[in-house]
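Enquirer: Sequence and predicted structure, then a few things I'm wondering about:
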Amino acid sequence: MSGSILLVVSWLLLAIFVVAFVLRTLRIAKLPVHLRWELAPVPHEKGKSHYGGSYLEEFEWWTKPREKDKLSEASFMFQEIVFLKSVWENNRRLWWFSFPFHMGMYVLIAAGALLLLGGALELAGLQTAGLGDWRSAITVLAGAGFGLGGIGALGLLVSRFADRRLREFTTPAALFNLMLLLAVFATGAYAVAVSQDFAVRVSSFGGALLTADASVELPGFLAVHLLLALAFLAYLPFTRMMHFVAKYFTYHEVRWDDEPLTAGGRLEREAVRLLDQPITWAGPHVKADGEKNWVDVATEEMKS
């Protein structure tokens, strides 16, 4: 594949990823207010989260300023994101493959960040005496990330067939996602293993993307890996793997949202707006006709 075709395809895949990712994230962020769960404990409850308490315990709580423990909340998020605490507690058999799978991706993100930092320093003319060590670190991180991710992806793929509980709700899309990621990890591990200058070549490819240098040349195996990785990124926003974005809203806007509804506040305005929406549910018990809103239906039930 010529350098110009490689660049055009790469730009196209990156453009699809960026546009789709932004639009999907905005769509998630603009979803209507959730049904309040009122669940405890909430990690940001200062002095109460350890036993499942709430500010609602306080006498005349609405007259007192609320205190939130951001450190406790950050600690919970760190354990959940890095160590997959919920998976460990609720499905330990799955954790043994899910943890290396996610950790592999985290390590690859760290390698990519280091690669970008080094590339920026080079472009700025700030080359250091330890440039070789920097590239070696990237290669080691990349190899570790591909290895961990590959082990995790393969284990999760096998688990989908071997575990009856997982097999019952495994979809073709879930299997395809794992196989695609396994291919990305496997080709990446191979590229690291056979290339003497992996970091240099990937760095030069990144520079070519920024400068439109069509003279860039890559070995066939590395070009296949990079195109697979970019194809995965372009595909990502259209899949359930966007859960890493949705999870933020699941915790902060659903599970942990304990803000009180106050007269004239944002939450009341949003609730009033939603109550005014017409209902089109087909269930006969709702008696919706597409014109009545929630208030109409609720008051009709009360009158009857």
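Expert: Cool, the structure landed.

Enquirer: How about the contacts made by the spatially most central residue of the chain?
Expert: Geometric centre of the chain, nearest residue: residue 244, 1.9 Å, by Cα atoms, centre = their mean. With contact taken as Cβ atoms under 8 Å, 6 or more residues apart in numbering, residue 244 is in contact with no other residue. For the C-beta atoms, the positions are set from N, CA and C on the backbone; glycine is no exception.

Enquirer: do residue 288 as well
Expert: Residue 288 is in contact with 278-282, 297, counting by Cβ under 8 Å, 6+ apart.

Enquirer: nearest residue to it other than its sequence neighbours?
Expert: residue 279 (3.8 Å; Cβ to Cβ, 6 or more residues apart in numbering).

Enquirer: Help me confirm that the one you found comes into contact with residue 286.
Expert: Yes - using Cβ atoms under 8 Å, residue 279 is in contact with residue 286, at 6.3 Å.

Enquirer: any common contacting residues for these two?
Expert: Common neighbours of residue 279 and residue 286 (Cβ under 8 Å, 6+ apart) are residue 297.

Enquirer: Contacts made by the lowest-mean-pLDDT helix or strand in the chain with the rest, please.
Expert: Least confident helix or strand of the chain, by mean pLDDT, DSSP states H and E, is helix 294-303 with a mean of 74. Helix 294-303 is contacted by residues 274-277, 279, 286-288, 292 when judged by Cβ under 8 Å, 6+ apart.

Enquirer: for stretch 48-66, same thing?
Expert: For stretch 48-66, the surrounding residues in contact (Cβ under 8 Å, 6+ apart) are 40-43, 45, 47, 69, 72, 258, 260.

Enquirer: Show me which of those are buried.
Expert: 41-43, 45, 69, 72, 258 (16 or more other Cβ atoms under 10 Å).

Enquirer: what about the helices in the protein?
Expert: 3-29, 70-83, 85-90, 92-123, 131-162, 164-167, 172-194, 198-211, 220-235, 243-249, 266-275, 294-303 (DSSP state H).

Enquirer: could you check the angle helix 266-275 makes with the least confident helix or strand of the chain?
Expert: 80 degrees (axes from the mean of the first three to the mean of the last three Cα atoms, to 10 degrees).

Enquirer: Buried residues of helix 294-303, list them for me.
Expert: 294, 296-297.

Enquirer: Distance to residue 168 for these - can I get that in TSV?
Expert: Output for the buried residues of helix 294-303, formatted as TSV (distance: Cβ to Cβ, whole Å):
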residue	distance to residue 168
294	36
296	41
297	37
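
Enquirer: which one among these gets closest to residue 205?
Expert: residue 294 (54.4 Å; Cβ to Cβ).

Enquirer: Would you check how far apart that closest one and residue 154 are?
Expert: Using Cβ to Cβ, to the nearest Å, residue 294 is found at 49 Å from residue 154.

Enquirer: that older thread, so which pair among the buried ones among the contacts of stretch 48-66 is furthest apart in space?
Expert: 72 and 258 (14.1 Å).

Enquirer: which of the residues in stretch 91-98 are buried?
Expert: 94-98.

Enquirer: contact partners of it?
Expert: Contacts for stretch 91-98 (Cβ under 8 Å, 6+ apart): 84, 87-88, 151-152, 154-156, 159, 163, 166.

Enquirer: List just the nearest of these to residue 22.
Expert: Once Cβ to Cβ is applied, the member of the contacts of stretch 91-98 that ends up nearest residue 22 is residue 84, at 26.7 Å.
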